[in-house]
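>>> Please find the sequence and the predicted model below.
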There are 2 protein chains.
Amino acid sequence: MSGESLGDALKRVAGEVEQAIDVLLPVPEGPEARLFEAMRYATLGGGKRLRGFLVMVTAGLFGVDHACAARVAASVEMLHAYSLVHDDLPAMDDDDLRRGKPSTHKAFDEATAILAGDALQTRAFEILAEPDTHSNPEARAELVLALAHASGARGMCGGQMIDMMTEGQTLTAEQVGRLQALKTGRLIQYSVEAGAILGRAPLHQRHLLAAYGRDIGAAFQIADDILDVEGSAAEIGKTAGKDAEQGKATMVAVLGLDRARAQAEHLAAQAAGHLDSFGEAAEHLRALAAFMVTRRN
Amino acid sequence: MSGESLGDALKRVAGEVEQAIDVLLPVPEGPEARLFEAMRYATLGGGKRLRGFLVMVTAGLFGVDHACAARVAASVEMLHAYSLVHDDLPAMDDDDLRRGKPSTHKAFDEATAILAGDALQTRAFEILAEPDTHSNPEARAELVLALAHASGARGMCGGQMIDMMTEGQTLTAEQVGRLQALKTGRLIQYSVEAGAILGRAPLHQRHLLAAYGRDIGAAFQIADDILDVEGSAAEIGKTAGKDAEQGKATMVAVLGLDRARAQAEHLAAQAAGHLDSFGEAAEHLRALAAFMVTRRN
């Protein structure tokens, strides 16, 4: 892996994650085939696979079997995809466009999108609990528990609720930070921790990686807010300017563009700092932290 | 427990499951409180707790700690509740009434109901993976895996998809049987198996209990179809006659009322037959099989 650029590594790993998802979501015969097609539509053929990349690269630090790490990467991407499918529903953010394609409820229908999201969440947990993911059941149970913490009512779902409840309100930077930590940060942090769980990393390394994950998660979300203001729909693959239009609380709205960008840069540098003891092996994770604030989509 | 009537046992255990759910869903401070209130609304204060009862009674066969079994019972009731919340949504069955109360999207709003269902599913898996549920991580991973099998795209969600895809079509009894096995049977069967997993039951006993669970699940669903035709809204706590109105495939529609009732009775007797080797200890499970076809709600 040494010498490979971050861009090449992202592309390579995205392909591996894509293939793992493809294998883990085979379409059966019968009228239920449509459900699997919607699940595949929502997860395959797009996205940066940032979360999957974090699983794969962190697992690589501990020499975890590639196929096992790819299963966990596929699982977290399915969990992420379920949240996007449900967020895009008319009753939620009502977004017709996702990754440059019609969102799942547009390509299929609302009922199928609700079900596909539900079943993607289930499949994410199922994959983690399957013996193929790790020979040690303790590791499997830990992966399930950590994903549930990150994505449930005290994580992602709770963040989504706060987002809805505070729409149109003026929040403090601290409130926006908490909202974003729950809504997107926890799942990014989980992706890093999952690699450490797979690798049975000692506790102090798990803590360092969790801190790294927390910081890049926060930087990622601020960068996303900046892109929503500055980017075009073609670049970011979804409707631009939606946040302001919907009165969503973002760091840009609270701090202004310049201070938000400075905050993202500070977080990215702080993230990289947690990796000092990992040396050369963590070069892609360090490069990724910097990339968080320079990315254009 | 010996000598206690099935009715008394059902009432007692429903109270225990209710209390476990209450404890497992505390409401936090902050704007996300509304999400937890919706989750509690959807799960507390109603229902027969059939699935929870099956977990508790089966776990009792193996002397499983009461508090551990109650956690798993609460988990399966949360999973069941999530499916009801999403099924009731306007884009799905569009049902305004559930257990005699406004359905969750009516009492709150659609977005909150979608999120509450999502977070209830997550919480169900989270509880199973928590060390308090079983000291053996292998048992926890098995519980997660079995629940995912029962409730995902190859179980409950797949059944719901088939139900949607075949609406208005004429199905064979075999097709209706498969639909119902997926849509409701698997989760009932899981409830029985979960008790055996908690009790680290030997494989032959797990198979017997799984067969019992499969048969009472099928009997339960046919009884439900019969009640939909014969019952009043007051008795069954939801809108009566919905199945025929929506052109849903039911055993009553395929076989007629008399043959459907005979089929349910046959399945209930067959279910009880699987329990012979468990002797006196399985009296409540036997009584429950008979109750499946005599219940009025």
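Perfect, I can see it now. Residues are numbered from 1 along each chain as shown, chains lettered A, B, ... in the order given.
>>> switch to C-alpha atoms for all contacts and neighbour counts from now on
Will do.
>>> How many neighbouring residues does the residue nearest to A:M56 when sequence neighbours are not counted have?
Leaving aside its sequence neighbours, A:M56 sits nearest to A:A69 (CA to CA, 6 or more residues apart in numbering or on different chains; 5.6 Å). As a burial measure, A:A69 scores 28 neighbours (other CA atoms under 10 Å in any protein chain shown).
>>> got it, and A:V229?
By other CA under 10 Å, neighbour count at A:V229 equals 17.
>>> hang on, it in a helix?
Yes. Membership of A:V229 in a helix is supported by DSSP: H, G, I helix; E, B strand; the rest coil.
>>> list the contacts for the spatially most central residue of chain A?
In chain A, the centroid-proximal residue (CA atoms, centre = their mean) is A:R51; its distance is 4.4 Å. A:R51 makes contacts with A:73, A:76-77, A:187-188, A:191-192, as judged by CA atoms under 8 Å, 6 or more residues apart in numbering or on different chains.
>>> any idea how far it is from A:V192?
8 Å (CA to CA, to the nearest Å).
>>> How about A:L115?
28 Å.
>>> now A:L145
Counting by CA to CA, the gap from A:L145 to A:V192 is 15 Å.
>>> How about A:Q263?
21 Å.
>>> out of those two, which sits in the busier spot?
Taking other CA under 10 Å, A:Q263 and A:V192 do not tie; A:V192 has more neighbours (27 against 19).
>>> quick one: the helices in the stretch 151-297 of chain A?
All helices of the stretch 151-297 of chain A, identified by DSSP state H, counting those that start in this stretch, fall at A:156-165, A:173-180, A:186-198, A:203-230, A:233-236, A:242-245, A:251-255, A:257-273, A:283-294.
>>> can you pull the buried residues of the fourth one?
The one in question is helix A:203-230. Buried residues in helix A:203-230, defined by neighbour count with 16 or more other CA atoms under 10 Å in any protein chain shown: A:205-206, A:208-229.
>>> Now do the phi/psi pair for the residue nearest to A:M56.
The phi and psi torsions at A:A69 (degrees, to the nearest 10) take the values phi -60, psi -40.
>>> right, and it touches A:G199 too?
No. In this structure, A:A69 is not within contact of A:G199 by CA atoms under 8 Å, at 9.4 Å.
>>> low-confidence ranges in chain A?
A:1-2, A:232-242, A:244-245, A:297 (pLDDT under 70).
>>> how about 80 then?
A:1-2, A:46, A:231-249, A:295-297 (pLDDT under 80).
>>> so how far is stretch A:160-167 off the chain centroid?
Relative to the centre of its chain, stretch A:160-167 is centred 19 Å away, using CA atoms, centre = their mean, to the nearest Å.
>>> Close to chain B: what parts of the stretch 101-250 of chain A are there?
A:110-112, A:114-115, A:118-123, A:125-126, A:129-130, A:137-138, A:140-142, A:144-145, A:148-149, A:151-153, A:157-159, A:161-162, A:165-166 (CA under 8 Å from any CA of the partner chain).
>>> So which of these are in helices?
A:110-112, A:114-115, A:118-123, A:125-126, A:129, A:137-138, A:140-142, A:144-145, A:148-149, A:151, A:157-159, A:161-162, A:165 (DSSP state H).
>>> from these, which would you call buried?
A:110-112, A:114-115, A:118-123, A:125-126, A:129, A:137-138, A:140-142, A:144-145, A:148-149, A:151, A:157-159, A:161-162, A:165.
>>> ok so, going back, where does the residue nearest to the centre of chain A sit, in terms of helix or strand?
helix A:50-61 (DSSP states H and E).
>>> Need the CA coordinates for that helix. PDB is fine.
What follows is helix A:50-61, C-alpha atoms only, in PDB (Å, rounded to 0.1, in the frame of the first residue of the first chain):
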ATOM      1  CA  LEU A  50     -15.700   7.100   3.100                       C
ATOM      2  CA  ARG A  51     -17.000   4.900   5.900                       C
ATOM      3  CA  GLY A  52     -16.000   1.700   4.200                       C
ATOM      4  CA  PHE A  53     -12.600   3.100   3.500                       C
ATOM      5  CA  LEU A  54     -12.100   4.000   7.100                       C
ATOM      6  CA  VAL A  55     -13.000   0.400   8.200                       C
ATOM      7  CA  MET A  56     -10.600  -1.100   5.600                       C
ATOM      8  CA  VAL A  57      -7.700   1.100   6.300                       C
ATOM      9  CA  THR A  58      -8.000   1.000  10.100                       C
ATOM     10  CA  ALA A  59      -8.400  -2.800  10.000                       C
ATOM     11  CA  GLY A  60      -5.300  -2.800   7.800                       C
ATOM     12  CA  LEU A  61      -3.300  -1.300  10.700                       C
END
